[in-house]
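Chemist: give me the fold of what follows.
(2 chains)
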Amino acid sequence: MWARSVTTPPYEMREIELTRPLEPVVFADGMRGAHVVLRHRGRIAGRIWLERAREGSTVSPEVLRERIAASPTSWPDLDLHDACRAALGRTEPAPTPSLTIAVCTRGRPHLVGRCLAALQAVVAARGAADRVDLLVVDNAPPDGETRAVVTAVPGVRYVVETVPGLDFARNRALSECTRDHLAYVDDDAVVDRGWLDALAEAVRMSPEAGAFTGPVLPLCLETEAQLRFERAGGFGEGIVWELHDGRRWEDRVHPASAGRMGTGANMVFRTAALRAVGGFDEALDTGPPLPGGGDIDSYYRIVRHGFRIVYHPAQAVHHEHRRDMAGLRRQYHSWGVSLMALVDKNRTTDPDLRAEGRRITRWLVRRNLRDLRRAVTGRGPRVPRFVVAELAGSLRGMFGEYRRSQRRMDARKKAHTQP
Amino acid sequence: MRPPAPWIILDVDLAEPLPPITLPPEVRGARVHVRYRGAVVGVFHLLPENTPLSAAETGVLAAKAASSAIASLVRLGGRAAPAHTPAARPWPTVLPAPDGTALVDRLAATLAERRSRPITVSASIVICTRGRPDDLAACLDALAAEIAAGREVVVVDNGPDAATEAVVRSRAGVRYVTEPQPGLSRARNAGVRAATGDVCVFVDDDVRPEPGWIEPLLRRFDAPDIAVVCGLVLPWSLRTEAEIGFQYVLGFGGMGLLPLIFDADFVAAWPRGVPVWLVGAGANMAVRRRTVLDLGGFDERIGPGAAGGCGDDSEYWHRVLFAGQRIAYEPLSVVRHQHRRDWPSLERQAYGYGFGHVVALFAQYGRNRDRGDLVRAFYVLPRWFFGRLVRMPLRAARGDPDRLLPATIRGHLAGLRFIRLALRRPRRD
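Modeler: Numbers count the residues shown, from 1 in each chain, chains lettered A, B, ... in the order given. Modelled structure (predicted):
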């Protein structure tokens, strides 16, 4: 059952390669548990949680084997797919797609350097510097620090988008992009070493797809907020292989449940497809008070235009979650706002799927009421104020926040385009 | 929610190059069977929106659909899983082999081992038929290889009629037996008496066995207390709403992809009536002839043609289990079943299932006095029906009406008048 230790930080970040003999896990001093990423021949294939309070200070290989066997892993899928490819006579590695990787950032120079270093490492590992551009879009920079960090890194283009708002920055990246594919990686994320390999594999497999995405795993779990967020499901898409289209078998909320298709921290588009759906909606992701939703809105429109989204379990990024509880509470509030603002938006722009929108609304309310019940009885990873924040946010989203945001954005755009 | 008819059925084999998938324009859904060297290891569904699929994308969906059954088969390593007891759900994950052997190669080794086991019993094929000469002819065509190889084939005509007899007489090496008194149980018993093999493999006239379906059944008769072996039944086509409803609403053929064993633990795990219908389907069943004769044959008071509906097969399975014998389920044996094509037939079938089920429960209680069967007939099922009744308007409003429930309930109520089967034990002839 639910134990307090599950949300008591810090947790250490570990990895296990499944094809090697298991070795005992010895917790470092002060660590209350471990988040273990499972890999199969280097590709991310699952994860398990270990708690010191349950396992003791050392976890033997036998216990590890049990824990791994009791958790869903995607290595059989990957292994079988390799066999299918072999049966098709295709065993050569996939070529690197022609790609622009955009990092949209605002006033976080210390994060940008780390993000760029990881990206350059995966590009260099494939020897693909001529096929891949790195682009930093600095959004309404308050000072010159980000410019200083980026210009110190060779081979990275730096542009400034003066209108504040994440989707203004994303659309700027789209207009700057000359490659076939455009990747967005958050500045507080670090791509996995297999990220580009998995993307190459996915692009070769589905050259006509509109978007390519994958899991967003925690980079570190040092604070209570980070641990609670990840325990509550994190970005919540799982380490599985998925192909998303406009409809899903026996699914009555898809694609209104666009959040299940992927997250903005890890998204790659076929540039032509993103242009065909009109880029990002600038009325979303505007910074407080409506800081989310542009990513899932774009996924929604991609599948509604008949493009496929490929979710590859190994195309993973590691994301540094909010460190403080107050920040996480605001985040939940904004997710509530943005999900319902999207439902509100789609009710007018896409009336065919109103029923799906109503169902996702009911789902959100039901899930939050369940979580609230758990939270007040001390079970469950979310504390009551997170749930209340999300509910309050969704109420605001339901009642006209999207249109208010549109008006604000029009005003903001005007203010920045007038000399 | 399931899409409307028509659907198509596709088969892909992981051991061969996978095909790209495009659906014909009129098709509204597809059911895809994933196989590995013929063994069914997964099923997935497609909507028109999910296609076209490249070969590699087919590979992703096939791998996803098959990974759990393949992992379980590898993990079982040739053993049969204990059936449907709460503790017997093997989690799908296996660990990679230390020597790096690919999962498909481990599966190939498991399958090869299971397919190389010796067959220690002789077998006769028994086809019970009644007034469906065209279906029977197609069925016999599907058995041509077995007939040519000299397997004993007995057709029991429960009509009997001249057209059926002509179909049988036109094929050399097929024996024709008549059972003029109507009743599938009677016909089965006549077939068992006429056959000479250790094992009778029953094939329904609306079933098309896949080549090589019989050996996997026979291999599982590897101990004297294995009295019945059932195999996998897949739909022949899903072109009409009735066929789809039979497969997905009446829940036909949901027997799973892992080899199972039903034994005393299975009986003990179910205090509210032993769910013998989980064993399989009479459409793909082999029985040890000696045991049928020892246990008094199929119950001639119940089943199609007698009391009506169904239950002739499951009542026998119940008796086998209560006699301390075991039943195996073997998904390597695959037959395809031609479901009812029109909706009125499907409603009659739903009525028959509701009816036959309660009659079989009474007959089972009459023989074995397991109070769970009465609890099921008078409490568990009515409560379940009530719950579905209450939800009926809601489901209708959602556009997913529970169309077969009324017929099922009517069948159940009509079956209650056979309570006399529960009150006294059958006379032994």
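Chemist: what does chain B have sitting close to chain A?
Modeler: Taking C-beta under 8 Å from any C-beta of the partner chain as the contact definition, chain B meets chain A at B:1-2, B:14-18, B:44-47, B:49-50, B:53-57, B:59-64, B:66-68, B:70-71, B:91-96, B:98, B:100, B:102-104. Just so you know, the C-beta spots here come from the backbone N, C-alpha and C atoms, and that holds for glycine as well.
Chemist: run the last query once more with 6 Å
Modeler: Contact residues (C-beta under 6 Å from any C-beta of the partner chain) of chain B with chain A: B:17-18, B:45, B:47, B:49-50, B:55-57, B:59-60, B:63-64, B:67, B:71, B:91, B:93, B:96, B:102-104.
Chemist: and the residues you listed, which of them are in helices?
Modeler: Counting by DSSP state H, those place B:55-57, B:59-60, B:63-64, B:67, B:71, B:103-104 in helices.
Chemist: will you turn the residues you listed into TSV that also has neighbour count?
Modeler: Below are those laid out as TSV (neighbours: other C-beta atoms under 10 Å in any protein chain shown):
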residue	neighbour count
B:55	18
B:56	19
B:57	22
B:59	26
B:60	26
B:63	27
B:64	21
B:67	29
B:71	27
B:103	24
B:104	25
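Chemist: helices of the stretch 251-400 of chain B, start to end?
Modeler: Counting by DSSP state H, counting those that start in this stretch, residue ranges of the helices within the stretch 251-400 of chain B are B:264-268, B:289-294, B:312-322, B:343-368, B:371-375, B:381-397.
Chemist: make that chain A, sorry
Modeler: Counting by DSSP H, the helices of chain A are A:52-55, A:61-69, A:75-87, A:109-125, A:145-151, A:166-176, A:195-205, A:224-231, A:271-276, A:294-304, A:325-349, A:354-376, A:384-398, A:401-417.
Chemist: which stretch among those comes nearest residue B:257?
Modeler: For residue B:257, the closest of those is helix A:75-87, at 14.3 Å, according to C-beta to C-beta.
Chemist: let me see the residues that make contact with the closest one.
Modeler: With contact meaning C-beta atoms under 6 Å, 6 or more residues apart in numbering or on different chains, helix A:75-87 is reached by A:40, A:43, A:45, A:241, B:17-18, B:59-60, B:63-64, B:67, B:71, B:102-104.
Chemist: taking the centroid of chain B, which residue is nearest it?
Modeler: residue B:281 (2.6 Å; C-alpha atoms, centre = their mean).
Chemist: I'd say that one and residue B:232 touch.
Modeler: No: contact criterion C-beta atoms under 6 Å: residue B:281 and residue B:232 do not qualify, at 8.8 Å.
Chemist: gap between stretch A:206-213 and the chain center?
Modeler: Offset of stretch A:206-213 from its chain centre (C-alpha atoms, centre = their mean, to the nearest Å): 16 Å.
Chemist: just give the nearest non-adjacent residue to residue 13, would you?
Modeler: Here I'm looking at chain A. residue A:35 (5.6 Å; C-beta to C-beta, 6 or more residues apart in numbering or on different chains).
Chemist: other chain: chain B
Modeler: In this structure, residue B:13 finds its nearest non-sequential neighbour in residue B:35, 4.6 Å apart by C-beta to C-beta, 6+ apart.
Chemist: tell me the angle the helix or strand where that neighbour lies makes with helix A:75-87.
Modeler: Assessed by DSSP states H and E, residue B:35 sits inside strand B:29-36. Between strand B:29-36 and helix A:75-87, the angle formed by their directions is 80 degrees, by axes from the mean of the first three to the mean of the last three C-alpha atoms, to 10 degrees.
Chemist: pLDDT weak spots in the stretch 301-429 of chain B?
Modeler: Counting by pLDDT under 70, the stretch 301-429 of chain B contains low-confidence ranges at B:426-429.
Chemist: name the residue of it that lies nearest to chain A.
Modeler: Proximity of the stretch 301-429 of chain B to chain A (C-beta to the nearest C-beta) peaks at residue B:398, 8.1 Å away.
Chemist: give me the distance between the residue most central in space within chain A and residue A:17.
Modeler: Nearest to the geometric centre of chain A sits residue A:263, at 3.3 Å (C-alpha atoms, centre = their mean). Distance, residue A:263 to residue A:17, by C-beta to C-beta, to the nearest Å: 26 Å.
Chemist: cool, residue B:40 as well?
Modeler: Using C-beta to C-beta, one gets 32 Å for the distance from residue B:40 to residue A:17.
Chemist: residue B:68 too?
Modeler: Note on residue B:68: its distance to residue A:17, by C-beta to C-beta, is 22 Å.
Chemist: for the spatially closest residue to residue A:21 that is not a sequence neighbour, helix, strand, or coil?
Modeler: Nearest residue to residue A:21 in three dimensions, chain neighbours excluded: residue B:98, at 6.8 Å (C-beta to C-beta, 6+ apart). With DSSP: H, G, I helix; E, B strand; the rest coil as the basis, residue B:98 sits in coil.
Chemist: what about residue B:98, how many residues nearby?
Modeler: Residue B:98: 9 surrounding residues under other C-beta atoms under 10 Å in any protein chain shown.
Chemist: backbone phi and psi for it, please?
Modeler: phi -60, psi -30 (degrees, to the nearest 10).
Chemist: pull the contacting residues for the most far-flung residue of chain B relative to its centre.
Modeler: Distance to the chain centre peaks in chain B at residue B:99, reaching 38.5 Å (criterion: C-alpha atoms, centre = their mean). Applying C-beta under 6 Å, 6+ apart to residue B:99 gives no contacts.
Chemist: looking at it now. What's its pLDDT?
Modeler: Here the pLDDT value assigned to residue B:99 is 83.
Chemist: so how far is residue A:75 from it?
Modeler: Going from residue B:99 to residue A:75 by C-beta to C-beta gives 16 Å.
Chemist: of all of the stretch 201-350 of chain B, which residue lies closest to chain A?
Modeler: Per C-beta to the nearest C-beta, residue B:248 is where the stretch 201-350 of chain B lies closest to chain A, at 9.9 Å.
Chemist: show me which residues of the stretch 101-250 of chain A sit near chain B.
Modeler: Proximity of the stretch 101-250 of chain A to chain B, by C-beta under 6 Å from any C-beta, involves residues A:205-206, A:241, A:245-247, A:249.
Chemist: returning to that earlier point: residue B:40 and residue A:17: who's more crowded?
Modeler: Using other C-beta under 10 Å, the more surrounded residue of residue B:40 and residue A:17 is residue B:40, with 20 against 15.
Chemist: A strand includes that one, no?
Modeler: Yes: residue state for residue B:40 (three-state DSSP) corresponds to a strand.
Chemist: beta partners of it?
Modeler: Following DSSP bridges, residue B:40 is listed with bridge partners residue B:35.
Chemist: one more: the one 4 residues further on?
Modeler: Here residue B:44 shows beta-bridge partners residue B:32, assigned using DSSP bridges.
Chemist: what's the answer for residue B:53, then?
Modeler: If you apply DSSP bridges, the partners that residue B:53 bridges to are residue B:21.
Chemist: tell me how many other residues surround it.
Modeler: By other C-beta under 10 Å, 23 other residues sit near residue B:53.
Chemist: ditto for residue B:15
Modeler: Neighbours around residue B:15, by other C-beta under 10 Å: 17.
Chemist: give me the phi and psi angles of the residue nearest to it when sequence neighbours are not counted.
Modeler: Nearest residue to residue B:15 in three dimensions, chain neighbours excluded: residue B:37, at 4.9 Å (C-beta to C-beta, 6+ apart). Main-chain dihedrals, residue B:37, degrees, to the nearest 10: phi 50, psi 50.
Chemist: pLDDT wise, what is residue B:37 at?
Modeler: So residue B:37 comes in at 92 (pLDDT).
Chemist: would you confirm that it contacts residue B:14?
Modeler: No: counting by C-beta under 6 Å, residue B:14 is not a contact partner of residue B:37; they are 8.4 Å apart.
Chemist: more crowded one of the two?
Modeler: The neighbour comparison of residue B:37 against residue B:14 (other C-beta under 10 Å) goes to residue B:14, with 24 against 15.
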